[in-house]
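Asks: need coordinates for the following:
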Amino acid sequence: MRWGQRSERARRSLQAVQAVQVALLVVLVSVLADVGGVAGQVQRRAPQVQSVRLYVFDCGVLVRGEPSAYNLTREQVGDTNFADACYLVAHPRGTLLWDVGIIPDAQIKPGGVEVTVANGTNKAQKTLIGQLAELGYKPADITYLAVSHGHADHVANANAYAGSTWLVQRAEREAMFSEQAQTTPAFPTYSALKNSKTVDLTGDHDVFGDGTVVIKSTPGHTPGHQSLYVKLARTGGVLLTGDLYHYAAERTLKKVPNNDNKGQTEASRAAIDAFLLKTGAQLWIQHDIAANAKLKKSPQYYD
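Replies: Have a look, this model is predicted:
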């Protein structure tokens with residue numbers, strides 16, 4: 001055999017070996033990718049909880065100026081801006097999503113978004129669906145949807161959860177779907193709830209039937225405004241106010257916003273004060289930006 005023939009055969013053999021090596025490398029990368037994908041899926045799977053958890057999501061900020069509409073002064077409230085939080089209650093029997101933000105997720109771009117409105121601006125950095133996904137939850141995993149009331153800063157992503165069972169005071173649902181409400185900019189963000197499986201409420205409601213998650217009827221800010229009580233094993237009871245209060249000074253100075261039904265709001269606040277005294281629960285004013293800043297945010301949780 002000539003030297004040239006030997007060299008050609010050796011070259012071909014080397015190419016064959018290299019081809020096999022490349023093929024093996026491709027298989028290995030594919031396997032590792034599959035394993036990594038499975039691992040990622042495991043990490044992103046919604047947790048199976050043994051007791052109640054409460055997650056707090058960052059759903060934006062309402063940049064506001066003069067608080068005169070709440071019968072307060074800047075000096076009395078300090079920071080005039082509002083936090084806009086969303087919450088997930090994870091229970092062994094299901095999940096409850098409480099309030100769903102001020103800016104629709106589709107409008108929130110990387111780096112955040114700021115939208116000009118009549119009385120200031122609304123800002124958001126994170127999507128609600130992204131924060132849920134970080135925990136492993138998809139919209140289909142949300143058993144119940146409940147909003148404190150139908151105002152724009154609490155319903156922005158409601159349509160995404162129209163497949164959940166909607167827990168709503170009958171008076172609020174009627175207000176949200178009135179002819180006047182259907183002309184407002186917020187209506188398209190929650191209009192799909194019309195076809196949701198709905199539980200019409202006319203008062204308090206024990207969501208899971210064991211006293212750990214209870215919707216409290218607190219009309220006044222709107223006809224069917226509601227608040228949420230969550231009983232946690234280690235943290236104790238927490239009462240999420242919706243818009244029963246906006247600023248902490250409303251409570252200390254006993255001020256009622258101009259647009260509220262004053263008599264109903266005062267009665268609801270008195271009933272909640274009695275409930276807090278009876279249960280020893282904490283009151284979390286959802287819009288209180290200073291108090292909200294101190295709360296643990298998802299993926300951390302309260303239990």
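Asks: ends of stretch 241-254, what's the gap?
Replies: Length of stretch 241-254, first residue to last, Cα to Cα, to the nearest Å: 15 Å.
Asks: same check, this time on stretch 139-150
Replies: For stretch 139-150, the end-to-end distance is 20 Å (Cα to Cα).
Asks: then stretch 201-217?
Replies: Counting by Cα to Cα, you get 9 Å between the two ends of stretch 201-217.
Asks: which of the residues in it are buried?
Replies: By 16 or more other Cβ atoms under 10 Å, the buried positions in stretch 201-217 come out as 201, 205, 207-208, 212-217. C-beta: built from backbone N, CA, C; applies to glycine.
Asks: for the residue nearest to the spatial centre of the chain, give its distance to Thr279.
Replies: The centroid of the chain falls nearest to Cys86 when counting by Cα atoms, centre = their mean (3.0 Å). Distance of Cys86 to Thr279, given as Cβ to Cβ, to the nearest Å: 24 Å.
Asks: also Pro92?
Replies: 21 Å.
Asks: need the helices for the stretch 51-200 of the chain, in chain order.
Replies: Using DSSP state H, counting those that start in this stretch, the helices of the stretch 51-200 of the chain run over 74-77, 128-135, 152-155, 170-176, 187-190.
Asks: any idea of the pLDDT on the nearest residue to Asp153 once chain neighbours are set aside?
Replies: In this structure, Asp153 finds its nearest non-sequential neighbour in Ile102, 4.0 Å apart by Cβ to Cβ, 6 or more residues apart in numbering. Predicted confidence (pLDDT) for Ile102: 97.
Asks: hmm, Ala124 and Ile102 touching each other?
Replies: Yes - between Ile102 and Ala124 a contact is recorded at 6.6 Å, counting by Cβ atoms under 8 Å.
Asks: please enumerate the strands of the chain.
Replies: 53-63, 82-91, 94-98, 113-117, 120-124, 144-146, 165-169, 198-201, 205-206, 213-217, 226-232, 236-240, 282-284 (DSSP state E).
Asks: same list, the ones you listed, but as CSV with distance to Ala156 and mean pLDDT please.
Replies: Shown next, in CSV, are the strands of the chain (distance: least, Cβ to Cβ, whole Å; pLDDT from 0 to 100):
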stretch, distance to Ala156, mean pLDDT
strand 53-63, 8, 98
strand 82-91, 9, 98
strand 94-98, 13, 98
strand 113-117, 10, 93
strand 120-124, 9, 95
strand 144-146, 13, 99
strand 165-169, 16, 98
strand 198-201, 19, 98
strand 205-206, 24, 98
strand 213-217, 20, 98
strand 226-232, 18, 98
strand 236-240, 17, 98
strand 282-284, 20, 98
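Asks: of all those strands, which lies closest to Ala158?
Replies: Closest approach to Ala158 among the strands of the chain (Cβ to Cβ): strand 144-146, 7.0 Å.
Asks: what pairs with the closest one, parallel or antiparallel?
Replies: strand 94-98 (parallel), strand 165-169 (parallel) (DSSP bridges).
Asks: let me have those in CSV, adding distance to Asp79 as columns.
Replies: Below are the strands paired with strand 144-146 laid out as CSV (distance: least, Cβ to Cβ, whole Å):
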stretch, distance to Asp79
strand 94-98, 23
strand 165-169, 31
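Asks: contacts only, for the residue nearest to the centre of the chain.
Replies: Contacts for Cys86 (Cβ atoms under 8 Å, 6 or more residues apart in numbering) come out as 56-57, 59, 97-101, 128, 131.
Asks: what about 7 Å?
Replies: Contacts for Cys86 (Cβ atoms under 7 Å, 6 or more residues apart in numbering) come out as 57, 59, 99-101, 128.
Asks: likewise Thr183?
Replies: Counting by Cβ under 7 Å, 6+ apart, Thr183 has no contacts.
Asks: tell me how far it lies from Ala156.
Replies: Thr183 is 18 Å from Ala156, by Cβ to Cβ.
Asks: now Asn195
Replies: Per Cβ to Cβ, Asn195 is found 19 Å from Ala156.
Asks: between the two, who's got more neighbours?
Replies: Ala156 (28 against 10; other Cβ atoms under 10 Å).
Asks: that one and Asp105 touch, don't they?
Replies: No - counting by Cβ atoms under 7 Å, Ala156 stays clear of Asp105, with 8.0 Å between them.
Asks: what are the bridge partners for Ser227, then?
Replies: Residues in beta-bridge contact with Ser227 (DSSP bridges): Lys216.
Asks: that one touches Asp243, doesn't it?
Replies: No - the pair Ser227 and Asp243 does not pass the contact test of Cβ under 7 Å, sitting 9.2 Å apart.
Asks: ends of stretch 128-143, how far apart?
Replies: End to end - Cα to Cα - stretch 128-143 spans 16 Å.
Asks: ditto for stretch 177-187
Replies: 8 Å.
Asks: wait, what's in contact with Pro139?
Replies: Contact analysis of Pro139 by Cβ under 7 Å, 6+ apart lists 160-161, 163.
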